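Undergrad: what would the 3D arrangement of this be:
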Amino acid sequence: MQKALILMSVALGLSGCAAMKQPVAPEAAAAPMARPAIGVGASAAALDQTTEAERAAAVAAKPAGGERALGTAVVALGSPAEQGLWVKSPLVVAKAKGRVVTESGASVAVDLLPGTGAASLSLAAFRALGLGLTDLPEVTIYAE
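TA: From the prediction side, this is the model:
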């Protein structure tokens with residue numbers, strides 16, 4: 001009796017799976033996907049709206065007196081749609097000014113933004129530090 005109930009439950013459950021499939025209208029299946037406003041092959045320079053002067057000033061900024069190290073993080077490239085020089089990290093608890101320093105010693109002044117999960121660094125900061133866009137560099141984050 002128990003085996004019969006189990007078999008019936010499984011059979012009913014599996015038969016319900018077929019009812020969940022929704023047919024796709026032929027015209028919807030053939031419709032092209034929408035393209036992003038900026039082409040997929042857009043260069044980093046085309047996506048980065050910071051000026052050369054802004055990047056140069058951020059790289060030239062000297063450490064502020066009394067800054068403190070928040071810690072190190074491996075950073076990925078952040079959303080190119082979010083302009084400016086910034087880092088998002090769980091190490092940051094409140095929006096502030098600071099800087100990031102790579103293992104090679106290159107540094108750039110950035111806005112510190114609280115984040116969750118993996119840390120990310122803006123496209124402009126990646127470019128200012130001379131990092132490859134697919135790199136996952138370890139940086140030290142400092143707050144002013």
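Undergrad: now for this protein, the helix or strand with the poorest mean pLDDT.
TA: Least confident helix or strand of the chain, by mean pLDDT, DSSP states H and E, is helix 26-30 with a mean of 47.
Undergrad: around the residue lying closest to residue 78 once chain neighbours are set aside, count how many other residues there are.
TA: Closest residue to residue 78 apart from its sequence neighbours, by Cβ to Cβ, 6 or more residues apart in numbering: residue 120 at 3.6 Å. All C-beta spots, glycine's among them, are computed from the backbone N, C-alpha and C. Residues near residue 120, counting by other Cβ atoms under 10 Å, number 20.
Undergrad: list the pairing partners of the host helix or strand of residue 120 within its sheet, with orientation.
TA: Element membership of residue 120 [criterion: DSSP states H and E] is strand 119-121. Its sheet considered, strand 119-121 pairs with strand 68-77 (parallel), strand 86-89 (antiparallel) by DSSP bridges.
Undergrad: ok, residues contacting the shortest one?
TA: The contact list for strand 86-89, computed with Cβ atoms under 8 Å, 6 or more residues apart in numbering, reads 70, 73, 75, 78, 98, 100, 110-115, 119-122, 125, 139, 141.
Undergrad: out of these, which are buried?
TA: 70, 73, 75, 78, 98, 100, 110-113, 115, 119-122, 125, 139, 141 (16 or more other Cβ atoms under 10 Å).
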